[in-house]
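K.L.:
What follows is a predicted structure for the sequence shown.
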Amino acid sequence: MKVKVFIIMLILFSSCSTKSQVIKPIISEVDVTDMNLYKPTPYRSDGAGYEGSDFKNLPKSRKKIFSHISDKNDTDALNELITNLNALGGGEITITKGDYKFKNVILKSNIHIIIESGTIIGFDETKKGKAFLFNVGSGDNAPLVENVKLIGLGNPDNRPKLVLHKFENTFWRAVMIGYVNNLLVQNFTIVDDLTKGAAIAFNPSKINDETVNIANNVTITNVKLTGGSIGYGLVQTNVGENILLKNLSSEGGMTCRIEAHTGRHYDVGVANIVIKNIVSKNGKAAVLLQPHSVENGRILVDGAKSIGSTWTLFLKNGFVAKDSKRRLRGTFAPNSTFKNISLISTDNTATLSYKNYVFIPEELKSLYNPPNFNPVKNDANNPSEELGKESAIKGPSVAVIYIDAKYPLGLPEESEIVLEGKTENRLKILDKR
């Protein structure tokens, strides 16, 4: 009898212990963009992501090798090759190891580009036009682009580098995404220089003042950015449906900026954005949500971590701008959910927009070194030497989640949120609603 009682008590104790345990996020401190540690496949999750097709029995005439051509501009030569291959029904282009200068390489339907390890791609400052390295369906009245791949080979030490640097006051993009169905971008390091604009951006393709086309079924996976500006960072989805953002890391700025910024002109936003295994390092946040005036669809976040950044989730209320077509505050769908959210807090590596200093708890304000503060110089978000509301200032990590959003969201319970590192006076949730 005593044995039976002991067994029952042991089972009850084990059950209670299991229920009270907090499961830590799946993201460790290793590089989440390393394909050997965090696989890029599957390319589709929760109804979002790339579902294009591979070529089968592709003839040699549609498998091309690209390298420098004497006396020919790199961009012109690659665009010509893409156009010719597209006319044949598409194919595969391997860009051989080397240093290249591109500006506005226009990817077309059924073009799969593979870039060899050790390759460095920078901007061609001699060419006019949009400041994109690669353009996928961007521009007014752009035709639909389908089934496109842009893949880098190698590991985080030697995979292709896409280099952004300031030489004019404009937006610099590694990849610009417009009207496309089925796009895969995989395995790159983007070397930023506090430039203006997110390195990978989704924008509407305008048909007229009332109608636009947007991206659908896109996967961005295993990409790292360094040197991100406080107001920008790695990926910004202004519009788009069924987008999977996976295994991404941004040092500086924000890793995933989800907002209907350019979409608000047409009352078009985002829907079914799935975010998995992303990291922000010494920046502002891993995920920003800001709906502007658009009623957006659901956002699913599973695995977001900040290491020495101000926040992990920065969840903002909507607002109506002068250029908003819809004259009401925007939302994200109430079935949007967030899980596996964590922050390793530090005292002096995080960046904050100076205008957000008012949100900071009094106990932490001295760590920003007021009244002089610790501004980040040469940040394109506010290049002036004077401290302005958009200036980036360095200081402490503050909270895992900041929220002033009035629309309902599926936030995790505090017991499910992980806060480590410098935890004194730090918060799991800073609620300003």
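P.N.:
Sure, I can see it.

K.L.:
Now do the strands in the stretch 51-200 of the chain.
P.N.:
Assigned by DSSP state E, counting those that start in this stretch, the strands in the stretch 51-200 of the chain fall at 63-66, 91-95, 99-102, 105-106, 111-115, 120-123, 132-136, 145-152, 161-163, 173-177, 180-191, 200-202.

K.L.:
Repeat that for the stretch 201-350 of the chain.
P.N.:
Using DSSP E, counting those that start in this stretch, strands in the stretch 201-350 of the chain cover 205-206, 212-213, 216-237, 240-259, 270-281, 285-290, 299-307, 313-315, 337-345, 350-353.

K.L.:
Note down every partner strand of the longest one and its orientation.
P.N.:
Strand 216-237 has its sheet partners listed here by DSSP bridges as strand 180-191 (parallel), strand 200-202 (parallel), strand 240-259 (parallel).

K.L.:
That one to strand 132-136, inter-axis angle?
P.N.:
150 degrees (axes from the mean of the first three to the mean of the last three Cα atoms, to 10 degrees).

K.L.:
quick one: least confident helix or strand in this structure?
P.N.:
The weakest-scoring helix or strand in the chain, judged by mean pLDDT, DSSP states H and E, is helix 2-20 (a mean of 41).

K.L.:
Make CSV out of the strands paired with strand 216-237 and add mean neighbour count, mean pLDDT and distance to T331.
P.N.:
Quick note: C-beta positions are derived from backbone N, CA and C, even for glycine. Shown next, in CSV, are those (neighbours: other Cβ atoms under 10 Å; pLDDT from 0 to 100; distance: least, Cβ to Cβ, whole Å):
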stretch, mean neighbour count, mean pLDDT, distance to T331
strand 180-191, 24, 98, 26
strand 200-202, 26, 98, 19
strand 240-259, 27, 98, 12
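
K.L.:
ok, for K149, nearest residue in space, not its chain neighbours?
P.N.:
H112 (4.1 Å; Cβ to Cβ, 6 or more residues apart in numbering).

K.L.:
got the contact list for N425?
P.N.:
By Cβ atoms under 8 Å, 6 or more residues apart in numbering, N425 lies in contact with 361, 363-364.

K.L.:
for those residues, which one is nearest G197?
P.N.:
Each of the contacts of N425 was scored against G197 by Cβ to Cβ, and L364 proved nearest at 30.1 Å.

K.L.:
Does the closest one touch K422 like I think?
P.N.:
No - in this structure, L364 is not within contact of K422 by Cβ atoms under 8 Å, at 10.0 Å.

K.L.:
circling back to that earlier point, is it possible to get TSV of the strands of the stretch 51-200 of the chain that adds distance to D267?
P.N.:
Output for the strands of the stretch 51-200 of the chain, formatted as TSV (distance: least, Cβ to Cβ, whole Å):
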stretch	distance to D267
strand 63-66	41
strand 91-95	38
strand 99-102	34
strand 105-106	28
strand 111-115	32
strand 120-123	34
strand 132-136	24
strand 145-152	24
strand 161-163	33
strand 173-177	20
strand 180-191	21
strand 200-202	16
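
K.L.:
list residues touching both of L364 and K422?
P.N.:
Contacts common to L364 and K422, judged by Cβ under 8 Å, 6+ apart, are P396.

K.L.:
re earlier: out of the contacts of N425, give me the one that has the most neighbours.
P.N.:
Counting neighbours by other Cβ atoms under 10 Å, L364 leads the contacts of N425 with 18 neighbours.

K.L.:
Give me the pLDDT value at that residue.
P.N.:
Predicted confidence (pLDDT) for L364: 97.

K.L.:
who are the neighbours in contact with G233?
P.N.:
Contacts of G233 (Cβ under 8 Å, 6+ apart): 198-199, 225, 250, 252-257, 283-284.

K.L.:
Would you check how far apart it and V191 are?
P.N.:
Distance of G233 to V191, computed by Cβ to Cβ, to the nearest Å: 14 Å.

K.L.:
before we move on, what about K339?
P.N.:
Distance, K339 to V191, using Cβ to Cβ: 32 Å.

K.L.:
So S415 versus V287, what's the distance?
P.N.:
Counting by Cβ to Cβ, the gap from S415 to V287 is 20 Å.

K.L.:
With neighbour numbers in mind, choose between these two.
P.N.:
For S415 versus V287, the count of surrounding residues by other Cβ under 10 Å is larger for V287: 26 against 10.

K.L.:
pLDDT below threshold where in this protein?
P.N.:
Confidence mapping of the chain against pLDDT under 70 gives the ranges 1-26.

K.L.:
ok, now with 50
P.N.:
Within the chain, the stretches with pLDDT under 50 are 1-23.

K.L.:
Spatially central residue in it, please.
P.N.:
V235 (2.8 Å; Cα atoms, centre = their mean).

K.L.:
Wait, that one touches E259, no?
P.N.:
No - using Cβ under 8 Å, V235 makes no contact with E259, being 11.4 Å away.

K.L.:
What's the separation between V212 and L411?
P.N.:
From V212 to L411 the distance is 31 Å (Cβ to Cβ).

K.L.:
How about I278?
P.N.:
17 Å.

K.L.:
Looking at these two, which is more packed in?
P.N.:
In terms of neighbours (other Cβ under 10 Å), I278 is the more surrounded of I278 and L411; the figures are 27 against 20.

K.L.:
give me every residue that touches the closest residue in space to G122 that isn't next to it in sequence.
P.N.:
Residue nearest to G122 in three dimensions, not counting chain neighbours: V163, with 4.2 Å by Cβ to Cβ, 6+ apart. The contact partners of V163, taken as Cβ under 8 Å, 6+ apart, are 120-123, 190-191.

K.L.:
rerun that using 10 Å as the cut-off
P.N.:
Counting by Cβ atoms under 10 Å, 6 or more residues apart in numbering, V163 touches 99, 101, 120-123, 133, 172, 174, 189-193, 227.

K.L.:
hey, what's it bridged with?
P.N.:
Judged by DSSP bridges, the bridge partners of V163 are V191.

K.L.:
For N282, see how far away it is.
P.N.:
Look at V163 and N282: by Cβ to Cβ, they are 20 Å apart.

K.L.:
swap in N182?
P.N.:
34 Å.

K.L.:
repeat for E414
P.N.:
Going from E414 to N282 by Cβ to Cβ gives 25 Å.

K.L.:
likewise K108?
P.N.:
Taking Cβ to Cβ, one finds K108 at 38 Å from N282.

K.L.:
Of the two, which one has the most company?
P.N.:
N282 (21 against 18).

K.L.:
For that one, give me phi and psi.
P.N.:
When read as degrees, to the nearest 10, the backbone of N282 gives phi 50, psi 40.
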